[in-house]
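J.: got a predicted structure plus its sequence, pasted below:
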Amino acid sequence: MVVMSSEEFAPPKYAQIVQTIRQKIADGTYPPGSLLPSETQLVRDFKVSRPTVVRALQVLQLRGIIEREHGKGSFVKATPPGASNQSPRPGRAILDRVEADENSAIIEAGPVAASAAVAKLLDVPEGSTVVRRRVLFRDDERPTDLFTVWCPVHQTEGTLLAEAEPLPAGIREHLRESRGLKLQHVVERLSARHPSADEAKLLEIRKSAPVIGVLASVFNGGGRPALVVDLVLPGDLHELEDSYSL
């Protein structure tokens, strides 16, 4: 009989950080609106690498528990009246992630012809030129998510979206600063599915493994589509939860 150690059943390091921070939020150590310890402090406290800490903070942001502000830090979200927590906002979370602050690799960045599906979501003619940016994020152990964004080419002029270098700010902030473009509304659809062959290869998972797909249409202040976002999350690393009153 093979005897397995308790370490083989232990959750990943980033998940342990998530659990600890959630517990401290629940017991009032980190009250709503408070600033969490810096990434450097968390690295020292948990004795892990910075990518592991960043991954944990991204998961907390994805679940709607914290907000991350570039250059300022991570803040515990205030709980709205009548709800014990805010709903997860995967689309918004990915738009606010800073590639340069994470362990990211630019898989692709540049102009492509819009497919029928992307053209429909962006309300542009099929085959028209759009900029596609594809980024793979990972922690110490493995790839954690694959992010793709499509944007009409005229809206990327003066931006770094077509450049194969990590963005120094989240896409939402980058578009606001470089183009004056304000993203104000997101419609997102979540699905459980199997990965494509390309996704499975990049995420280093089996083709039969489940993934969570998040497809988001992002609109500007005038109600026009500005971006299409596709986020692929390995099912064994992510869970999306919600909490609300009846």
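T.: Great, that's in hand. Remember, it's a predicted structure, so these values are computed and weren't measured experimentally.
J.: hmm, which helix or strand of this protein has the shakiest average pLDDT?
T.: helix 90-96 (a mean of 80; mean pLDDT, DSSP states H and E).
J.: show me what that one is in contact with.
T.: 58, 61-62, 68, 147, 170-173, 183, 186, 188, 190, 214, 216, 218, 227, 229, 231, 233, 240 (C-beta atoms under 8 Å, 6 or more residues apart in numbering). Glycine gets a C-beta too; all of them are placed from N, C-alpha and C.
J.: cool, stretch 222-233 as well?
T.: 90-91, 94-95, 118, 121-123, 144-152, 155, 171, 175, 181, 183, 185, 188, 195, 199, 203, 211-220.
J.: what distance separates it from the centre of its chain?
T.: 13 Å (C-alpha atoms, centre = their mean, to the nearest Å).
J.: and that stretch, what's its mean pLDDT?
T.: Taken as a whole, stretch 222-233 carries a mean pLDDT of 93.
J.: from K24, how far out is the residue nearest the centre of the chain?
T.: Note on the chain: the residue nearest the mean C-alpha position is I94, at 3.2 Å, using C-alpha atoms, centre = their mean. To K24, I94 is 25 Å away according to C-beta to C-beta, to the nearest Å.
J.: what does E126 give?
T.: 50 Å.
J.: so which of the two has more stuff around it?
T.: Set side by side, E126 and K24 show more neighbours around K24, with 16 against 12, by other C-beta atoms under 10 Å.
J.: quick check, the more buried one in contact with S34.
T.: No - the criterion here is C-beta atoms under 8 Å, and K24 misses it with S34 at 9.9 Å.
J.: send me stretch 58-74 as PDB with only the CA atoms.
T.: Output of stretch 58-74 as PDB, limited to C-alpha atoms (Å, rounded to 0.1, in the frame of the first residue of the first chain):
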ATOM      1  CA  GLN A  58      -5.400  38.200  -8.500                       C
ATOM      2  CA  VAL A  59      -7.700  35.400  -7.300                       C
ATOM      3  CA  LEU A  60      -9.000  37.600  -4.500                       C
ATOM      4  CA  GLN A  61      -9.700  40.400  -7.100                       C
ATOM      5  CA  LEU A  62     -11.400  37.900  -9.400                       C
ATOM      6  CA  ARG A  63     -13.700  36.900  -6.600                       C
ATOM      7  CA  GLY A  64     -14.600  40.500  -5.900                       C
ATOM      8  CA  ILE A  65     -13.000  40.500  -2.400                       C
ATOM      9  CA  ILE A  66     -10.300  43.100  -3.000                       C
ATOM     10  CA  GLU A  67      -9.500  45.900  -5.400                       C
ATOM     11  CA  ARG A  68      -6.000  46.500  -6.700                       C
ATOM     12  CA  GLU A  69      -4.800  49.900  -7.700                       C
ATOM     13  CA  HIS A  70      -1.600  50.200  -9.600                       C
ATOM     14  CA  GLY A  71       1.000  52.100  -7.500                       C
ATOM     15  CA  LYS A  72      -1.200  52.100  -4.400                       C
ATOM     16  CA  GLY A  73      -1.800  48.500  -3.400                       C
ATOM     17  CA  SER A  74      -4.600  46.100  -2.600                       C
END
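J.: gap between it and the chain center?
T.: That offset, for stretch 58-74, works out to 10 Å (C-alpha atoms, centre = their mean).
J.: what mean pLDDT does that stretch get?
T.: For stretch 58-74, mean pLDDT rounds to 83.
J.: in what helix or strand does F75 lie?
T.: Here F75, judged by DSSP states H and E, is contained in strand 73-76.
J.: buried ones in that strand?
T.: 74-76 (16 or more other C-beta atoms under 10 Å).
J.: same question for stretch 204-224.
T.: Of all the residues in stretch 204-224, those buried under the rule 16+ other C-beta under 10 Å are 205, 211-218, 220.
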